[in-house]
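[1] how would this look folded up:
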Amino acid sequence: MSANLTFRQLLTFRTVMRLGSVSGAARQLGRTQPAVSATISSLEEELGFPLFERRKRRLLPRPEAQYFLEEAEAVLDRLARSSQTMGEIGGLRQGVLRIASMPAAASFIVPGLLSEFLQDKPEVTASMMLRSSTVVVDWIASQQYDIGVAETPEPRASIAMRVHDMACVCALRADDPLAGKSAITPADLREADMAALYPEHPTNRATRRAFGEAGVSFRQRFEFQTFLPALEVVRNGLCRLVTDPLSAASFERSIRGGEDLAFRPFLPEVPYSVAVLTPAHRPNSRLADGFIARLDATLGEFSAGRGR
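    Now for the predicted structure:
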């Protein structure tokens, strides 16, 4: 088939074949009879052989026209399906989302947003993997995933970032006397057993710095890789914890007794930074952009202190 054939030529030819007349095709297509005849003639010129015999102002299909009709039908059907598919993709009703998230956001926040976002998109498929922030960053840099949620990494040319700066909170048992305070300070935690992440983590360093500047000894009894298991130990009454607000919100929404804990602002602020990551060397799909907008809005609420 010639590469110069047009959609109009194929559609006109199919309509003539289906209706059996130029006049009927003209009425259905909203065109004049001479315009339809001219389109058929141009199609025959492109093909290099006649499709019809002209008898008394009528077009009689030749055997070649019956064969070509199958080809034209197949092309037009493929175009129709492609148009429908692209319309669904453009309308965010089809596609694939590949998301990688750190544990603090992967337990409830990202799955909750994903459920809301895909509620009216039954044809969209999604993959969500929970990994450490370091692994999430590497996956986005290598373009294995479309969207990543991780603790803000050092800038990399292969990654685009939307950064959300937050403040940590202090986790206590709900029946802890300190839960009645509007904010917790290092002085309030003097002599208290504390949990924290590993020494190299920025929140560990910032919390120790806050205690040191207040002249209070930081008594770390428990060390963890992530905050969520540390919150379970706090719930059991063995320690207090300065934790990120995403982990606090996830624990509150869990089935593990979030009502047993109280979360209060910690002063001076211990900063915590989260970024929404995307591959820098290719554009996002419309579907990914739609989900990223929801992520940014939700993380923005945590930045403003309204996320819980």
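
[2] could you chop the protein up by domain?
    Following automatic domain parsing, the chain resolves into domains at 7-89, 94-165+273-303, 169-269.

[3] now these as TSV including mean neighbour count?
    All C-beta atoms are positioned from the backbone trio N, CA, C, and that covers glycine. Shown next, in TSV, are the domains of the chain (neighbours: other CB atoms under 10 Å):
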stretch	mean neighbour count
domain 7-89	15
domain 94-165+273-303	18
domain 169-269	18
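
[4] now stretch 49-66 - C-alpha only, PDB.
    Extracted C-alpha coordinates of stretch 49-66, given in PDB (Å, rounded to 0.1, in the frame of the first residue of the first chain):
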ATOM      1  CA  PHE A  49      -4.800   0.400 -10.900                       C
ATOM      2  CA  PRO A  50      -8.500   1.000 -11.200                       C
ATOM      3  CA  LEU A  51     -10.900  -0.100  -8.400                       C
ATOM      4  CA  PHE A  52     -14.100   0.600 -10.300                       C
ATOM      5  CA  GLU A  53     -15.600   0.500 -13.700                       C
ATOM      6  CA  ARG A  54     -17.500   3.600 -14.800                       C
ATOM      7  CA  ARG A  55     -20.800   2.700 -16.400                       C
ATOM      8  CA  LYS A  56     -23.400   5.300 -17.100                       C
ATOM      9  CA  ARG A  57     -22.300   7.500 -14.200                       C
ATOM     10  CA  ARG A  58     -22.100   4.500 -11.900                       C
ATOM     11  CA  LEU A  59     -19.100   3.000 -10.200                       C
ATOM     12  CA  LEU A  60     -19.000  -0.800 -10.400                       C
ATOM     13  CA  PRO A  61     -16.400  -2.400  -8.000                       C
ATOM     14  CA  ARG A  62     -13.800  -4.500  -9.700                       C
ATOM     15  CA  PRO A  63     -12.500  -7.700  -8.000                       C
ATOM     16  CA  GLU A  64      -9.500  -5.700  -6.800                       C
ATOM     17  CA  ALA A  65     -11.800  -3.400  -4.900                       C
ATOM     18  CA  GLN A  66     -13.200  -6.300  -2.900                       C
END
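
[5] that stretch: how far from the chain's middle?
    54 Å (CA atoms, centre = their mean, to the nearest Å).

[6] what would the domains of the chain look like in a markdown table with mean pLDDT?
    Shown next, in a markdown table, are the domains of the chain (pLDDT from 0 to 100):
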| stretch | mean pLDDT |
| --- | --- |
| domain 7-89 | 81 |
| domain 94-165+273-303 | 92 |
| domain 169-269 | 93 |
